[in-house]
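[1] Structure for this input, please:
(one chain, ligands or ions: 1)
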Amino acid sequence: PEYTIVSFNIRGRCEAARMLLADQGLEWKDEFVTIDTWLQGDLKAKAVFGQLPVFKDGGLTLYQSNAILRHLARKHGLYGKDLNDQSCIDMMNDGVEDLRIKYLQLIYKNYEEGKDAYIKSLPAEFKYFENVLGQKKYGNGFLVGNKISFADYNLVDLLCNHLVLAPGCLAEFPLLSAYVKRISSRPRIQAFLSSDAHKNRPINGNGKQ
Ligand SMILES: N[C@@H](CCC(=O)N[C@@H](CS(=O)(=O)O)C(=O)NCC(=O)O)C(=O)O
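    Residues are numbered from 1 along each chain as shown. Next up, the predicted model:
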């Protein structure tokens, strides 16, 4: 396949791209790096920002998970219908990234002590996305416009992770829970989410979820 994802063997920051690729019927190769290999240092030394994931598209080598999502969006018509849509989709994805950073901070830096407070803070975070979906004249279909964009895959992946952390966390957000159900039941995404490859990949690198 033309696409290769080089990452740790976790869902992490690449699962949204894998969901996008699966939903679009695109093939890719996963190359998983073990911690031992990583600690040898060669890969890290070559990485533009010293980190994984790496995405390879023919001769192009791309780092930064959100740049990878935007690259795939440009190539596969997942960036809205015009410039205004693109900018709104960027805005939404930045909002998703803000929440992902908070989630990762909890997971990797403050899980035991911070879990309860983090779960209590979620309604205020989710309210923003619920409001966005409420403004859709297309009947709360997608974050922007009436077709899926890379920001939708990113948000759905992140919300799925939150449903593991706090199973009832979307209960008071009807639009958001309907949105997650609707997108995760798209046939190819449903197949991807029920695949052993996905199910056997831990969400995060430290076994916390
Ligand atoms: N902003 C980067 C962050 C990448 C990042 O945090 N990479 C981690 C791995 S993961 O947590 O994203 O799976 C890493 O390489 N850590 C190892 C290191 O920094 O040496 C992105 O979005 O890709």
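[2] ok, Val48 - contacts?
    Applying C-beta atoms under 8 Å, 6 or more residues apart in numbering to Val48 gives the contacts Tyr63, Gln64. Heads up, the C-betas are built off the backbone N, CA and C, glycines and all.
[3] quick one: it from the ligand, how far?
    Val48 sits 10 Å away from the ligand, going by C-beta to the nearest ligand atom, to the nearest Å.
[4] Under a three-state scheme, what state does that residue occupy?
    Secondary structure for Val48, judged by DSSP: H, G, I helix; E, B strand; the rest coil, is coil.
[5] send the alpha carbons of the one helix or strand Arg70 maps to over as CSV?
    Following DSSP states H and E, one finds Arg70 within helix 65-75. Backbone C-alpha positions of helix 65-75 (Å, rounded to 0.1, in the frame of the first residue of the first chain) are rendered in CSV as follows:
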residue,chain,number,x,y,z
SER,A,65,-0.5,13.5,13.9
ASN,A,66,-2.6,16.5,12.9
ALA,A,67,-0.5,17.3,9.9
ILE,A,68,-1.0,13.6,8.8
LEU,A,69,-4.8,14.0,9.2
ARG,A,70,-4.8,17.2,7.2
HIS,A,71,-2.6,15.6,4.5
LEU,A,72,-5.1,12.8,4.1
ALA,A,73,-8.0,15.2,4.2
ARG,A,74,-6.5,17.2,1.3
LYS,A,75,-5.9,14.1,-0.8
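[6] Check which helices and strands the helix or strand just after it sits against.
    Downstream of helix 65-75, the next assigned helix or strand under DSSP H and E is helix 83-109. When contacts are defined as 3 or more C-beta pairs under 8 Å, 6 or more residues apart in numbering; DSSP states H and E, helix 83-109 packs onto helix 65-75, helix 111-134, helix 150-165.
[7] so who does the residue nearest to Ser149 when sequence neighbours are not counted touch?
    Leaving aside its sequence neighbours, Ser149 sits nearest to Ile89 (C-beta to C-beta, 6 or more residues apart in numbering; 4.6 Å). Applying C-beta under 8 Å, 6+ apart, we find Ile89 in contact with Ala73, Tyr79, Gly80, Leu143, Val144, Ser149, Phe150, Ala151.
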